[in-house]
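Engineer: attaching a predicted model along with its sequence, questions to come.
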Amino acid sequence: MSIQKFFKIGKHKIYPICRSLTGDGTLKTLKIIKKNFKKLKIRNFNSRQKVFDWKIPSQWDIKDAYIIDKYKKKIVNFKNNNLHIVGYSIPINKKIDLEQLLQKLYTISNKQDAIPYITSYYKKSWGFCVTERFKRKLRKDYNIKDKFHVVIDSKFNQRGKLNYGEYYIKGKSKKEILISTYICHPSMANDNLSGIIVSMALINFFNSRKNNKSIRFLFLPETIGSIAYIYKNLNILKRNVIGGYILSCIGDDKNHSCMFTKYGDKISDDCLRQTYKQKKINYKNYSFLHRGSDERQFCSPGIDLPLASIFRTKYGEFSEYHNSMDNFNLVTLKGLNGGFAVAKQSILNLDKRIIPIAKHICEPQLGKRGLYKLLSEKNVIDNQDCWKILDFLQYADGTNDINKIAKYIKLDTSIVKKLYSFLVGEKLLQ
Ligand code: ZN
């Protein structure tokens, strides 16, 4: 099982790190991935750079955070669990009473023992995340005017960086399959350390084989990272990406689920459907209206990249979601292997698809190439209707594979395959 190695790296080395949109933790995570895959490029954007309608936030780093009670006891300690702090908390060092402290404690009221995951990236704020049980105990054990020393040793750097990772596997063709996962969540296993682990296992697998298409893996901070990446690379993405997947919450062993692209009609959707069928997996398909991750960017108007999402249990659909229960009781080797198998097979399916692209803008002039005659002599298709060539070329716009073209132009796939080879020979396809 090739994923085992990456499961161990994920669990023991990456899981404990406090990650965020920016900062040392995220960089450290990328360096661990790079240690295993030397060709990983760690790149960055500068804080405050404008990307479409957004601005890269300041780099945020945190050294320590805690709450000390009147007996000098550390009752909350960031070093025990990095979810204890609201992500992007401003620095604080002051004494407040219980009444004020309670205003700054975040819990999940119906989950006694879970620490929630909360962030405040774009609004200056601070706070601690604790269990509901802890908050109730505070109310019971202290008086409302008791003092607490709250310390958050964080800093913002306006000249900082937002780091991300990019790994490219060159295939026979420049046309590429894009795999994206996000690296900005702190210690939670399914959301989204599982995406990082599965991506590493996929890099390992596809590195060792000859691929028809190139494959690009992205390790991005969610939302702002994908927006910035698209901002920088839109033209090349539009030119080369023929399909791909976003990997999110892909490590539990409870369900298989996915979200197809906006219209559900792309080759990536088709290859994913094919995978579930090949593996006889029952899966749930979530509507695009329930999107929550980077499909919001990759599939947005003007970008329209054909990326579907692969989940085991989708974000927001499991009770451990965005809290401290999202750990390695939920994410298992078996669960990760199941997610890996679906992603791997879907990429293999994509890699096999022939996606013809017409070389000429507007209709090519068949007459000057003598194609009417050639066509009948070579007996490429049984009827001599040269419209079939033009039909084929009309649908060879990079969004259809051979099977789909066959359906559109109402010809047998085997004939369309011959037609394809013929048109490649005639240099009418890219
Ligand atoms: Zn999340």
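Structural biologist: Ah, there it is.

Engineer: where does the most centrally placed residue in the chain fall, phi/psi-wise?
Structural biologist: Centroid check for the chain by C-alpha atoms, centre = their mean gives residue 181 as the closest residue, at 2.6 Å. When quoted as degrees, to the nearest 10, the phi and psi of residue 181 stand at phi -140, psi 160.

Engineer: one more: residue 43?
Structural biologist: Dihedral pair for residue 43: phi -120, psi 170, per degrees, to the nearest 10.

Engineer: isn't it up against residue 167?
Structural biologist: No: if you go by C-beta atoms under 8 Å, residue 43 and residue 167 don't touch, sitting 11.2 Å apart. Bear in mind the C-beta positions are built from the backbone N, C-alpha and C, glycine included.

Engineer: looking at these two, which is more packed in?
Structural biologist: Taking other C-beta atoms under 10 Å, residue 43 and residue 167 do not tie; residue 167 has more neighbours (23 against 14).

Engineer: so who does that one touch?
Structural biologist: Residue 167 is in contact with 37, 39, 40, 41, 203, 216, 217, 219, counting by C-beta atoms under 8 Å, 6 or more residues apart in numbering.

Engineer: tell me, how many residues neighbour residue 284?
Structural biologist: With other C-beta under 10 Å as criterion, residue 284 counts 13.

Engineer: no no, residue 361
Structural biologist: Using other C-beta under 10 Å, residue 361 has 6 neighbouring residues.

Engineer: which stretch of helix or strand covers it?
Structural biologist: For residue 361, there is no host helix or strand (DSSP states H and E).

Engineer: ok, it to residue 430 distance?
Structural biologist: Going from residue 361 to residue 430 by C-beta to C-beta, to the nearest Å gives 12 Å.

Engineer: doesn't residue 204 belong to a helix?
Structural biologist: Yes: under DSSP: H, G, I helix; E, B strand; the rest coil, residue 204 sits within a helix.

Engineer: okay, it: pLDDT?
Structural biologist: Per-residue pLDDT puts residue 204 at 98.

Engineer: any idea how many residues pack against it?
Structural biologist: Residue 204 has 15 nearby residues by other C-beta under 10 Å.

Engineer: so what's it up against?
Structural biologist: Per C-beta under 8 Å, 6+ apart, neighbours of residue 204: 2, 5, 6, 36, 37.

Engineer: and the longest helix for the protein?
Structural biologist: Scanning the chain for the helix with the most residues, using DSSP state H, yields helix 333-352.

Engineer: excluding its backbone neighbours, what's nearest residue 286?
Structural biologist: Nearest residue to residue 286, sequence neighbours excluded (C-beta to C-beta, 6 or more residues apart in numbering): residue 259, at 4.7 Å.

Engineer: give the contact list for that neighbour.
Structural biologist: 285, 286, 287, 288, 290, 291, 295, 308, 309, 311, 314.

Engineer: residue 289 versus that one, what's the distance?
Structural biologist: When distance is defined by C-beta to C-beta, residue 259 is 10 Å away from residue 289.

Engineer: how near is the residue lying closest to residue 287 once chain neighbours are set aside to residue 241?
Structural biologist: Nearest non-adjacent residue to residue 287, counting by C-beta to C-beta, 6+ apart: residue 259, 7.6 Å away. Separation of residue 259 from residue 241 (C-beta to C-beta) stands at 18 Å.

Engineer: alright, calling it a day.
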